[in-house]
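Undergrad: Task: produce atomic coordinates for the following.
(one chain, ligands or ions: 2)
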Amino acid sequence: MPESRLFLNQRYTFSNFVVGPSNRLAHAAALACVQGPGAVYNPLFIHGAVGLGKTHLVQAICHAAIKKNSGMKIVYLSCESFVNDFISAMQSGTLENFRAYYRTVDMLIVDDIHFLAHKEGSQEEVFHTFNSLYNTERQIVLSSDSPPKDIPTLEERLVSRFKWGLVARIDAPSFETRVAILKNKALMLGRELPDKVAHYLAENIDSNVRELEGAVIKVTGLASVEKSEITIDTARTAVSDSAPRKEKQYKIEEIRDAVAEYFNVKASDLHARKRNKSIVVPRQICMYLARKLTDYSLEEIGGFMGGRDHSTVLYAEDKIAAKYKNSHEISVTIDEIVQSLKNG
Ligand code: ADP
Ligand code: MG
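TA: Ligands and ions are numbered 1, 2, ... in the order given. Down below sits the predicted model:
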């Protein structure tokens, strides 16, 4: 049973894991679990959104622990496998074996423990497994997409146990970490990513490490098909190919400033009550662009534009949209402002 359970990805090692502010604590704690299993952080509970490296990190613990001590009985599995195993042990009347097995390992790593939600029977089993291992100072490592208290229907006694050791959150990586991850991944594929390209990709993909990886694969793939250097153009193509991205989000302040600069008016006048034509049109353009380029609601835009009503924003939007179609002057104006925003 033991070896067959360690389905590990060979790439998910500590040396392939880029450390940054978003994952530093989780990474340090993972290392500590290898150094002193059961001694420092027990359990180690790592949580974070999907694609931020939880599985990578907990598998890195496995790789390193095996390397350090090949005699150690390490079990790594997804919570789903644990639950399925539990169910089939019940069905086949082999619960004794199941328990003897899980309650005597040296290190138990369960990935995606949030899968326990709404599964009372499995929660009970995890509770007893946890107690046996904890009482004998065996290392327990858990990963989850949310902190213990937010796992739906998780029994209170498990919530509290999961917090006995260290709860470490992984956040979305910062720009610098994203750049480092991109460059690393490219090197693993045998290519070097020019700074400009790495920066471009890191700016345009900002949530999920898995997406960053996808972009690197695409960029290096495109470049090798075309037998060309990796350029910004390659990166643009790769990004536009991947899942449709929202238009770049602008801050409403950026839009206001761009409009004010274009018309050479004071930004504060755009918020003010003045109604002369020289300010009304820029103000309406500002609201129109805020509608097009941000996710703010009508109310929020109205509020920002000096406490105006949502109907005022709607009116401005319609008015400028019509002018954009019918007036060459207005359409050029708006395109130029948008361009200036894009250029930062
Ligand atoms: P999760 O389990 O949190 O959903 P994964 O561990 O599956 O995320 O990570 C998704 C992908 O991103 C994997 O291929 C992983 O190698 C990579 N990854 C995530 N974080 C990092 C990191 N800090 N350094 C290098 N690769 C990372
Ligand atoms: Mg995972």
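Undergrad: Can you get me a residue count around whichever residue of the chain sits closest to ligand 1?
TA: Minimum separation of the chain from ligand 1 (C-beta to the nearest ligand atom) falls at G53, amounting to 2.6 Å. Where you see a C-beta, it was placed from the backbone N, CA and C, and this is true even at glycine. For G53, the count of nearby residues is 25 (other C-beta atoms under 10 Å).
Undergrad: Which residues are in contact with it?
TA: Listed by C-beta atoms under 8 Å, 6 or more residues apart in numbering, the contact set of G53 reads F17, N23, I170, V209.
Undergrad: which regions of the stretch 151-300 of the chain lie under the pLDDT threshold?
TA: Applying pLDDT under 70 to the stretch 151-300 of the chain picks out residues 241-248.
Undergrad: mind listing the strands in it by residue range?
TA: 166-170 (DSSP state E, counting those that start in this stretch).
Undergrad: What's the nearest residue in it when you look at ligand 2?
TA: Relative to ligand 2, the nearest point of the stretch 151-300 of the chain is R210 (9.6 Å; C-beta to the ion).
Undergrad: Count residues in the vicinity of the closest residue to that residue other than its chain neighbours, would you?
TA: Spatially, and ignoring its direct neighbours in sequence, R210 is nearest to G51 (3.9 Å; C-beta to C-beta, 6 or more residues apart in numbering). Using other C-beta under 10 Å, G51 is surrounded by 16 other residues.
Undergrad: going forward, begin numbering at 583 instead of 1
TA: Shifting the count to begin at 583 puts that one at G633.
Undergrad: ok, now how distant is G633 from ligand 2?
TA: To ligand 2, G633 is 8 Å away according to C-beta to the ion, to the nearest Å.
Undergrad: Got phi/psi on that residue?
TA: G633 adopts backbone torsions of phi 80, psi 20, taken as degrees, to the nearest 10.
Undergrad: Quick one: residues contacting it.
TA: Contacts of G633 by C-beta under 8 Å, 6+ apart are S789, N790, V791, R792, E793.
Undergrad: out of those, which is most surrounded?
TA: V791 (24 neighbours).
Undergrad: Get me the contact residues on the stretch 733-882 of the chain for ligand 1.
TA: I763, V791, R792, E795 (C-beta under 6 Å from any ligand atom).
Undergrad: biggest separation within those, which pair?
TA: I763 and R792 (10.6 Å; C-beta to C-beta).
Undergrad: Quickly list what's touching both of those two.
TA: With C-beta under 8 Å, 6+ apart, I763 and R792 have no common neighbours.
Undergrad: host element of the residue nearest to E707 when sequence neighbours are not counted?
TA: Using C-beta to C-beta, 6+ apart and skipping the chain neighbours, the partner closest in space to E707 is F668 (5.4 Å). Element membership of F668, judged by DSSP states H and E, is helix 661-673.
Undergrad: Show the subsequent helix or strand relative to that helix.
TA: helix 677-684.
Undergrad: What's the local residue count around the closest residue to F886 other than its chain neighbours?
TA: Distances taken as C-beta to C-beta, 6+ apart place I834 nearest to F886, at 5.4 Å, with adjacent residues excluded. I834: 18 surrounding residues under other C-beta under 10 Å.
Undergrad: re earlier: how about the contacts made by the residue nearest to E707?
TA: Contacts of F668 (C-beta under 8 Å, 6+ apart): F680, G703, S704, E707.
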